[in-house]
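Colleague: Fold the following, please.
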Amino acid sequence: MTAPHTERCVSASAVFWDGIASSSFTERVVVSARMFHTATVMNVNGPHRYYADPFAASPMEKSSKAPGTHGVHATMSKPPGEVDWNALDKSKFFFGGAALFSGVTCCLYPLSVIKTRQMVDGGGAGTHAPGALKVVKQVIKQRGFLGLYQGFGTVVVGTLPIRFVYLSTLELVKARVRDLLETFQVHPMYHGLADAAGGAVASSFSQILGVPIDVISQRQMVQGVSVTGKDGKVTQMKGYKNGYQALTQIVKKDGVKGLYRGFGASVATLVPGSALWWGFYGTYQRVIWSVVPETWHDGSDKSDFDKQSATKKPAESKLIFVQIASGVCAGMTSGFLTTPLDIVKTRLQVLSGQPGGESRTFSSTARALYAEHGAKGFLRGVKPRMTSVSIWGTTMVTTYEFLKRLASADAK
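Modeller: Coordinates of the predicted model:
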């Protein structure tokens, strides 16, 4: 039910019972809460008292309802240019996304190898993590340029089903939580909570598939890295020829549970990490859109406005700029906050595969890290991690947003 386009005089009871008969459950709740809220509307032909439609938009928000959605969506509740899940061509979105995201992963994968090796490297107590350039030189010397892509095949193949679960869950939860926030009239600036909820739930569901991929790929990444055993002896880690060999050897040695080393740590790290990233990303977008010139919102900037389309949408260049800026800020913030948990998780998943490492737990790994490197050990690799999260996140989210616009019904 939406605000009528022509003025009509109705009683409060008529509005109530009409709403109950034709509304969804969510709308019935809203009708019940607003049944006695009325407004005076002046007709151009003379003053008359009218009762406002309970679903009429406020002066600051125009309500809209997309086919298949639940609840009332206000245009202010989401950043300009965002495409609703219900407006996507799903086959185009997922098949196109598989190609685009695989390409992005290929470009950025070496960052993950560098970050992982820095976190695990422990040539001796109190030693600093090796610099990124030193890591690159070591890898190329040991395994050639392709050493920077150890575990790449495992990640690309393994993330296809994970991405389907993650993205569909993310969008569905975002839409439902946003509906809830609108129902309770939460200020749109705080609707980043919907993004955070989507990120948390999506990450939770995807960990069942994601943890084994992490364990296998990370153990492939760290071949030749020096580690310190419980006896203080420094040894170099052995690698695997490929993902299949890693899988079979891990299962042979530790059973299926070996593939889930650090599962609790992954949930404790990646779920809040995903919630923080998406929450900050959505919030930073709203903050930036609130301070940029109004002409950015409707594409009326003559330098960018496409006169042929005659649409009131932000120019593509403006959308990409805001998304990149939001992604960088979100990555730096969430990357810093989650580094201590991530380094313990990474070391637990990798070092538990070494001789004598079967008894490692999250707490024992954290204590060992502190004993070797002190409190600063929990920030080993923080700069490359912040950089990695920012670059990965920003590149992935701009690709993701572009893909959504490409796969939207309006683009057909």
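Colleague: okay, CA-based contacts and neighbour counts for the rest of this
Modeller: OK.
Colleague: Can you show me the helices along the stretch 201-350 of the chain?
Modeller: Listed in chain order, the helices of the stretch 201-350 of the chain (DSSP state H, counting those that start in this stretch) span residues 243-254, 263-291, 295-298, 316-351.
Colleague: Compare the mean pLDDT across those and name the weakest.
Modeller: Ranked on mean pLDDT, the bottom entry among the helices of the stretch 201-350 of the chain is helix 295-298, at a mean of 80.
Colleague: Include mean neighbour count when you put the helices of the stretch 201-350 of the chain into TSV, please.
Modeller: Listed next are those as TSV, based on neighbours: other C-alpha atoms under 10 Å:
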stretch	mean neighbour count
helix 243-254	15
helix 263-291	22
helix 295-298	17
helix 316-351	21
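Colleague: which non-adjacent residue is nearest residue 342?
Modeller: Leaving aside its sequence neighbours, residue 342 sits nearest to residue 269 (C-alpha to C-alpha, 6 or more residues apart in numbering; 6.0 Å).
Colleague: Identify the residues contacting the one you found.
Modeller: For residue 269, the residues meeting the contact criterion (C-alpha atoms under 8 Å, 6 or more residues apart in numbering) are 338, 341, 342, 345.
Colleague: same thing but 10 Å
Modeller: Residues counted as contacts of residue 269 (C-alpha atoms under 10 Å, 6 or more residues apart in numbering) are 263, 338, 339, 340, 341, 342, 343, 344, 345.
Colleague: Compute the distance between the residue nearest the centre of the chain and residue 252, please.
Modeller: Residue closest to the mean C-alpha point of the chain, counted by C-alpha atoms, centre = their mean, is residue 278 at 4.5 Å. Here the criterion is C-alpha to C-alpha, to the nearest Å. By it, residue 278 lies 38 Å from residue 252.
Colleague: for residue 389, same thing?
Modeller: 34 Å.
Colleague: Now do the same for residue 40: its pLDDT.
Modeller: Per-residue confidence at residue 40 stands at 37 (pLDDT).
Colleague: thinking again about what came up before, tabulate the helices of the stretch 201-350 of the chain in JSON lines, adding columns for distance to residue 384.
Modeller: As requested, those are arranged in JSON lines below (distance: least, C-alpha to C-alpha, whole Å):
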{"stretch": "helix 243-254", "distance to residue 384": "25"}
{"stretch": "helix 263-291", "distance to residue 384": "16"}
{"stretch": "helix 295-298", "distance to residue 384": "33"}
{"stretch": "helix 316-351", "distance to residue 384": "9"}
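Colleague: closest to residue 147 out of these?
Modeller: For these, distance to residue 147 was read as C-alpha to C-alpha. The smallest value, 13.7 Å, belongs to helix 243-254.
Colleague: Strands of the stretch 51-200 of the chain, start to end?
Modeller: Taking DSSP state E, counting those that start in this stretch, the strands of the stretch 51-200 of the chain run over residues 63-64, 73-74.
Colleague: How far does stretch 266-277 sit from its chain's centre?
Modeller: The gap between the average C-alpha position of stretch 266-277 and the chain average comes to 9 Å, counting by C-alpha atoms, centre = their mean, to the nearest Å.
Colleague: Please apply the same query to stretch 261-271.
Modeller: In terms of C-alpha atoms, centre = their mean, the centre of stretch 261-271 is set 16 Å apart from its chain centre.
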